[in-house]
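# Generate a structure from the sequence data that follows.
(chains A, B and C)
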Amino acid sequence: METVIFFLFAALAVVSAVVVVAHRNPIYSTLSLVLTLFAVAALFVLLGAPFLGAVQILVYAGAIVVLFLFVIMLLNLQKEETAHTDLGAQLWTAGLGAVVFLGMLGLLFWRAGSPAAPALSQEHVSLQGLATMLFGDYLLPFEIVGLLLLVAVIGATVAARRPGQSGSLEEEGIYASGDEPRTDPLLSAPDPRRPSVAEPAYKPSVPKEAQP
Amino acid sequence: MIADLIATLLKYGVMFAVFINVAPIMVWVERRGCAYIQDRPGPNRVGPFGLFQPLADALKFMFKEDVTPILAEKPLYLLAPVLALLPAFTTMVVIPFGPDLAVAGRTIPLVVANVDTGVLLFLAISSLGVYSLVMAGYASNNKFSLLGAVRASAQLISYELPLTLAVLAVLIPTGSFRLSDVVAHQQAHLWNFIPQIIGFVVFLIASFAEANRLPFDLPEAESELVAGFHTEYGAMRFALFFQGEYSNMAALSALGVTLYFGGWSLPGIHLHGWLGAILGLVTLVAKIALCMAVFVWVRWTFPRFRYDQLMRLGWKVLLPLAILNLILVAAMTLAGWL
Amino acid sequence: MSAVPISWYLLLSALLFAIGTVGALTRRNGISIFLSIELMLNAANLTLVAYARQLDQHTGQVIVFFVMAVAAAEAAVGLALFIAVYRQRRTIDVNRMNLMRW
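Residues are numbered from 1 along each chain as shown, chains lettered A, B, ... in the order given. All right, here's what the predicted structure looks like:
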């Protein structure tokens, strides 16, 4: 039973992972990654880590990947633009790498064998053991990760600011504008026939703080 | 083993019967309720009080022509309406609907999947609901749909955070992810909405946003985006989105009443056996029905938020409130008040 | 009870990691490279959980928890950078991000 479930989700994970890498449309890649994450979450549950399985779906599939989709749709990314160059040399290197990789894997399994896992104890599955360790031995790393997330939030907010908006990288002089026109492609399409969206002829009298 | 399987299937059948009937009933309630609020009769031709209107609607959906836009991304376009049903019909397995039942010498907990990670599983699966909207919006190849999808992805991430934090605050005094333990805790103490009123308000507002209901139905905003993410859908596919929306509301209502209003339990009543089970189920359904009535009431009372207002409310009001509530509840639990 | 030896999980994890590596090396689209990196992180997570199971300890699971948090931070910052780059150069094709190349 467990073996069947393992192979089911392992196959799903591998196939969808290949689609993630091989599909040229980023939307399909991203949605396929959701399948991979789901399969890996199922394997987590099978390995006696139901908490991590749920967190994997909640955090990865429910938030991170949605963020990817949001950006893909916001930037209107289409299929990849440039073709792959000098495939010949890459192919040889990749082939060599694959042979070495498979050889090492084979050697590993030949030497180590495959010992059976110990029986799954109730204590191992329980959340209490994980929580005690997380907030006991690993409290300092936990706090540091919290700090890291805070830094990431601030960094992301600053980096994604519109040029010209207060606090944007450009305004602070962190990177200068190149020879590109100074219009924001996310705000206005460079179409001379239409008035620019960034500077509407009609200016609503909204106070500056009210704007997002 | 076999007996367990049969018991689980039966329990799933009960919950399925509750959730599948939500949409037709809500169609009637919504239309009559909206008419009542707007002081007009509403649908009153098919059957007494227009009660058979949902049947007529269903027939209409079935016989309508099924159109797929030529430039649509076929696989995603076809998959999206099916996925709309997935979250509600998966998450309901962790909602308890009665006290433990003793049948033929074994104790059966009246919850389909009595797993350790109950609430977490609910939140995880319901966070997948956004994919249906995003896929529908992207695959339709329509600018209004795409705008709806972009809005949906941003809105649902933003409101998932306060929702999750509010739910976590409920779990602190309970000390367990199991919803049946949450109900047991409320039977022994007060119903949670009294000590955690801040958390309840945050949960309420965030669940309106998660269910895409007015005043937060930005992804479909019919006055600006035609019908948003499901503009290109018709016939049965549209009906599936419809069913999905109402089932999601029902699932969120079930979670809400279980977390804050004692779930299937009533204060002061401790029945056991079959009588208790039936009373529990009836109580839960009645509480869900009340919540759904609130959904309808709010929808026809409030105007829609603007997109930047929505984001500001989520990040600058609800999130700090949810964190404040979490700290308060933790402090009160440490002080032994809860 | 356990019928699946841990080495099968490790094999699967190695496969996923290899697929992710291939993606990160061959794709030109910034987002796709990111997706491949997420794939590699997940493969590593699978290994950690598998060893946590084999050694009957929670340490592996705790580390997976941290990896997820770091992945979330990485995705947020990375995507914000891509938006900034797109504003500047109208593409997130990594071959065209050659401003600092000499």
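
# which phi and psi does C:Asp93 have?
phi -70, psi 120 (degrees, to the nearest 10).

# quick one: it and C:Asn29 touch, right?
Yes - counting by C-beta atoms under 8 Å, C:Asp93 does reach C:Asn29; the two are 6.4 Å apart. From N, CA and C alone the C-beta is placed, and that goes for glycine too.

# neighbour count winner among these two?
Neighbour totals were compared for C:Asp93 and C:Asn29, and C:Asn29 leads with 25 against 17 (other C-beta atoms under 10 Å in any protein chain shown).

# wait, isn't that one in contact with C:Ile92?
Yes - the pair C:Asn29 / C:Ile92 is scored as a contact, 6.7 Å apart, by C-beta under 8 Å.

# Report the contact partners of the one residue in chain B that gets nearest to chain A.
In chain B, the residue that lies nearest chain A is B:Ser127 (2.8 Å; C-beta to the nearest C-beta). By C-beta atoms under 8 Å, 6 or more residues apart in numbering or on different chains, the residues touching B:Ser127 are A:57-58, A:61-63, B:156, B:160.

# Please name the nearest non-neighbouring residue to it.
Residue nearest to B:Ser127 in three dimensions, not counting chain neighbours: A:Gly62, with 2.8 Å by C-beta to C-beta, 6 or more residues apart in numbering or on different chains.

# what about that neighbour, distance to A:Leu102?
Distance, A:Gly62 to A:Leu102, by C-beta to C-beta, to the nearest Å: 35 Å.

# In the stretch 201-338 of chain B, what residue lies closest to chain C?
Closest point on the stretch 201-338 of chain B to chain C, by C-beta to the nearest C-beta, is B:Trp315, at 13.7 Å.

# That residue belongs to a helix, doesn't it?
Yes - using DSSP: H, G, I helix; E, B strand; the rest coil, the secondary structure at B:Trp315 is a helix.

# Now do the residue nearest to B:Ser127 against A:Ile27, distance only.
Remark: distance between A:Gly62 and A:Ile27 (C-beta to C-beta) = 18 Å.

# before we move on, the earlier item: give me the pLDDT for the residue of chain B closest to chain A.
Predicted confidence (pLDDT) for B:Ser127: 86.

# re earlier: quick one: which of the contacts of B:Ser127 is nearest chain C?
A:Ala63 (7.1 Å).

# neighbours around the residue nearest to B:Glu245 when sequence neighbours are not counted, how many?
With sequence-adjacent residues excluded and distances taken as C-beta to C-beta, 6+ apart, B:Glu245 is closest to B:Asn212, at 6.5 Å. Neighbours of B:Asn212 under the rule other C-beta under 10 Å: 25.

# now B:Gly262
22.

# so it makes contact with B:His185?
No - the criterion here is C-beta under 8 Å, and B:Gly262 misses it with B:His185 at 9.7 Å.

# Quick check, the residue in chain C closest to chain B?
Proximity of chain C to chain B (C-beta to the nearest C-beta) peaks at C:Ala76, 10.7 Å away.

# Distance of that residue relative to A:Phe68?
To A:Phe68, C:Ala76 is 11 Å away according to C-beta to C-beta.

# Compare neighbour counts for these two and give me the winner.
Shown here are C:Ala76 and A:Phe68; by other C-beta under 10 Å, A:Phe68 has more neighbours (26 against 21).

# which element is B:Gly244 on?
helix B:235-260 (DSSP states H and E).

# could you point out the longest helix in the chain?
Going with chain A. helix A:87-112 (DSSP state H).

# My question was about chain B, not that one.
From DSSP H, the single longest helix across chain B is helix B:143-174.

# Stretch B:218-236: end-to-end distance?
End-to-end distance for stretch B:218-236, by C-alpha to C-alpha, to the nearest Å: 23 Å.

# what comes up buried for it?
B:218-221, B:225-233, B:236 (16 or more other C-beta atoms under 10 Å in any protein chain shown).

# in the stretch 201-338 of chain B, which spans are helices?
Using DSSP state H, counting those that start in this stretch, the helices of the stretch 201-338 of chain B run over B:222-225, B:235-260, B:273-299, B:307-312, B:319-334.

# any chance of those in CSV, plus distance to A:Leu46 and mean pLDDT?
What follows is the helices of the stretch 201-338 of chain B, written out as CSV (distance: least, C-beta to C-beta, whole Å; pLDDT from 0 to 100):
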stretch, distance to A:Leu46, mean pLDDT
helix B:222-225, 42, 74
helix B:235-260, 26, 87
helix B:273-299, 32, 86
helix B:307-312, 39, 84
helix B:319-334, 32, 90
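
# quick one: least confident helix or strand in the chain?
The chain I'm using is chain A. None of the helices or strands of chain A scores lower by mean pLDDT, DSSP states H and E than helix A:122-125, at a mean of 71.

# Chain B, not that one
helix B:222-225 (a mean of 74).

# Give me the residues contacting that helix.
B:144, B:147-148, B:219, B:228, B:231, B:304.

# For those, which two are the farthest from each other?
B:Thr231 and B:Arg304 (16.9 Å; C-beta to C-beta).

# can you give me the end-to-end distance of stretch B:37-56?
Termini of stretch B:37-56 sit 23 Å apart (C-alpha to C-alpha).

# in it, what counts as buried?
In stretch B:37-56, counting by 16+ other C-beta under 10 Å, buried: B:42-43, B:50, B:53-54.

# Also stretch B:66-78?
B:69, B:72-73, B:76-77.

# do the same with stretch B:18-35
B:18-19, B:22-24, B:26-33, B:35.

# tell me, how many neighbours does the single nearest residue of chain B relative to chain C end up with?
Residue of chain B nearest chain C, by C-beta to the nearest C-beta: B:Ile157 (10.7 Å). Neighbour count for B:Ile157, taken as other C-beta under 10 Å: 18.

# and if you look at A:Ile144?
A:Ile144 - counted by other C-beta under 10 Å - has 13 other residues nearby.

# how close does it get to chain C?
A:Ile144 is 9 Å from chain C, where distance means C-beta to the nearest C-beta, to the nearest Å.

# Remind me which helix or strand that residue belongs to.
helix A:139-159.

# Check which helices and strands that helix sits against.
Helix A:139-159 is packed against helix C:59-89, with contacts defined by 3 or more C-beta pairs under 8 Å, 6 or more residues apart in numbering or on different chains; DSSP states H and E.

# now for the helix it packs on, which elements pack on it?
helix A:50-55, helix A:65-75, helix A:127-135, helix A:139-159, helix C:30-55.

# could those helices go into a markdown table alongside mean pLDDT?
Formatted as a markdown table, these follow (pLDDT from 0 to 100):
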| stretch | mean pLDDT |
| --- | --- |
| helix A:50-55 | 88 |
| helix A:65-75 | 85 |
| helix A:127-135 | 84 |
| helix A:139-159 | 90 |
| helix C:30-55 | 89 |
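
# residue ranges with poor pLDDT in chain A?
Counting by pLDDT under 70, the ranges of chain A that qualify are A:78-87, A:113-117, A:163-212.

# got it, and chain C?
Scanning chain C for pLDDT under 70 picks out C:1-3, C:99-102.

# how much space is there between C:Val94 and B:Ala277?
According to C-beta to C-beta, C:Val94 stands 60 Å off from B:Ala277.

# Can you tell me the closest non-neighbouring residue to B:Leu279?
Using C-beta to C-beta, 6+ apart, the closest residue to B:Leu279 is B:Leu271 (5.6 Å).

# Near the residue nearest to A:Ala94 when sequence neighbours are not counted, how many residues? Count them for me, please.
Spatial nearest neighbour of A:Ala94, chain neighbours left out: C:Val22 (7.2 Å); criterion: C-beta to C-beta, 6+ apart. The local packing of C:Val22 (other C-beta under 10 Å) involves 19 other residues.
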